[in-house]
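Q: how does the following fold in three dimensions:
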Amino acid sequence: MESVHAQSTTTTNARSPDLGVAKIVASGAVPDATTKANILARLQQVYGQDRVVDQISIGGVAAPPNWTASVSSLLTPQLMSVHQGQLVVEGTNIAIHGEVASDATRQNIGNSFAGVLNEPYSVKNGLRVSAAGQGTIDQVLGNRVVEFENASALLTVAGKEILDELAETLKTIPTKRIDIVGHTDNVGDAVRNLALSRARADSVKIYLVAKGITPQIMRVSGLGADQPLTDNTTAEGRRRNRRIEFRLSQ
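A: Numbers count the residues shown, from 1 in each chain. Model (predicted):
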């Protein structure tokens, strides 16, 4: 996982890519300090204290009965098998997204959620099975970020060099779809960041088409600053959050 988002009508947001030192970003709003402490303690127990980034605010929301216990029951080591993931809890509505290695894992996580939650909670299982070539793509990218000119969708020379490598690799991998997802840091206007993230994803698609990748298999989207990879309080954290993700589907 890479993020948990809670809001009570609480949202908990925890996220983490498949990186050894990836951070788990917990964000959203909870009704009181005790609830916040319990959620953070549970995340730290599962992932380790140093990996959990606290962005949870207190107040302005009201939790359903036994909400804290219900959320804590979802935060198990099983989530560590989800990559590029997000768990969103909004009141009694639970949604989990991300990639897993097999359909059995996807079903097991969904079943375990359903097994520990009672009415009126509902679960949306948005997990998907990673395509066989996803690991290869992740290896090519490593920890590198496809870079753009400041506040622009114009690729830098370094960004183009990464995409050159990626294009050659994509030509060797049979896949039905590639999702190109743009992200920004949290600096500036949220609406503008959302538009910029989509424009950057579009730029990447255009560049890959020029390198011989079939346009019909690529789908673009932008999420703005809503899914940070790590903390936005440092320059390095913001740099890593300004990124493009590539997700292959079978």
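Q: tell me which helix or strand F246 sits in.
A: Taking DSSP states H and E as the definition, F246 sits inside strand 244-249.
Q: next one: that strand to chain centre, how far?
A: Its chain's average C-alpha position is 11 Å from that of strand 244-249, according to CA atoms, centre = their mean, to the nearest Å.
Q: please apply the same query to stretch 175-195.
A: Averaged C-alpha coordinates place stretch 175-195 at 11 Å from its chain's average position (CA atoms, centre = their mean).
Q: before we move on, what about stretch 60-72?
A: The chain centre lies 23 Å from the centre of stretch 60-72; the measure is CA atoms, centre = their mean.
Q: pull out the buried positions in that stretch.
A: Buried residues in stretch 60-72, counting neighbours by 16 or more other CB atoms under 10 Å, are found at V61, A63, W67, T68, S70, V71, S72. To be clear about C-beta, it is placed using only N, CA and C from the backbone, and glycine gets the same treatment.
Q: repeat that for stretch 221-230.
A: Buried residues in stretch 221-230, counted by 16+ other CB under 10 Å: G222, L223, G224, A225, D226, Q227, P228, L229, T230.
Q: go on, stretch 74-84?
A: Quick answer for stretch 74-84 (16+ other CB under 10 Å): L74, L75, L79, S81, V82, H83, Q84.
Q: output the helix or strand containing N38 as CSV - backbone C-alpha positions only.
A: Element membership for N38 (DSSP H and E) is helix 33-47. C-alpha atoms of helix 33-47 as CSV (Å, rounded to 0.1, in the frame of the first residue of the first chain):
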residue,chain,number,x,y,z
ALA,A,33,-7.1,12.7,18.9
THR,A,34,-7.7,9.2,20.3
THR,A,35,-9.0,8.0,16.9
LYS,A,36,-6.0,9.5,15.2
ALA,A,37,-3.5,7.9,17.6
ASN,A,38,-5.2,4.5,17.2
ILE,A,39,-5.0,4.6,13.4
LEU,A,40,-1.4,5.7,13.3
ALA,A,41,-0.4,3.2,15.9
ARG,A,42,-2.0,0.4,13.9
LEU,A,43,-0.3,1.6,10.7
GLN,A,44,3.1,1.8,12.4
GLN,A,45,2.6,-1.7,13.8
VAL,A,46,2.0,-3.1,10.3
TYR,A,47,4.6,-1.0,8.3
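Q: what's the following helix or strand after it?
A: According to DSSP H and E, the helix or strand after helix 33-47 is strand 52-58.
Q: average pLDDT for stretch 28-43, rounded please.
A: Average pLDDT, stretch 28-43: 92.
Q: ok now it, how far from the chain's centre?
A: 20 Å.
Q: now do stretch 196-204
A: Here stretch 196-204 is found 17 Å from its chain centre; the criterion is CA atoms, centre = their mean.
Q: which residues sit against it?
A: 146, 148, 151, 153-155, 163, 180-184, 220-224, 244 (CB atoms under 8 Å, 6 or more residues apart in numbering).
Q: redo that, cut-off 10 Å
A: Residues outside stretch 196-204 that contact it (CB atoms under 10 Å, 6 or more residues apart in numbering): 146-148, 151-155, 159-160, 162-163, 166, 179-184, 188-189, 218-227, 242-246.
Q: returning to that earlier point: closest to Q55 among the buried residues of stretch 221-230?
A: Set against Q55, the nearest of the buried residues of stretch 221-230 by CB to CB is P228 (8.2 Å).
Q: so what's the closest residue to that closest one other than its chain neighbours up against?
A: Using CB to CB, 6 or more residues apart in numbering and skipping the chain neighbours, the partner closest in space to P228 is N241 (4.7 Å). Taking CB under 10 Å, 6+ apart, we find N241 in contact with 25, 145, 183-187, 225, 227-232.
Q: redo the residues you listed as CSV? Include secondary structure.
A: CSV is the format used below for the contacts of N241 (DSSP: H, G, I helix; E, B strand; the rest coil):
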residue, secondary structure
V25, strand
V145, coil
H183, coil
T184, coil
D185, coil
N186, coil
V187, coil
A225, coil
Q227, coil
P228, coil
L229, coil
T230, coil
D231, coil
N232, coil
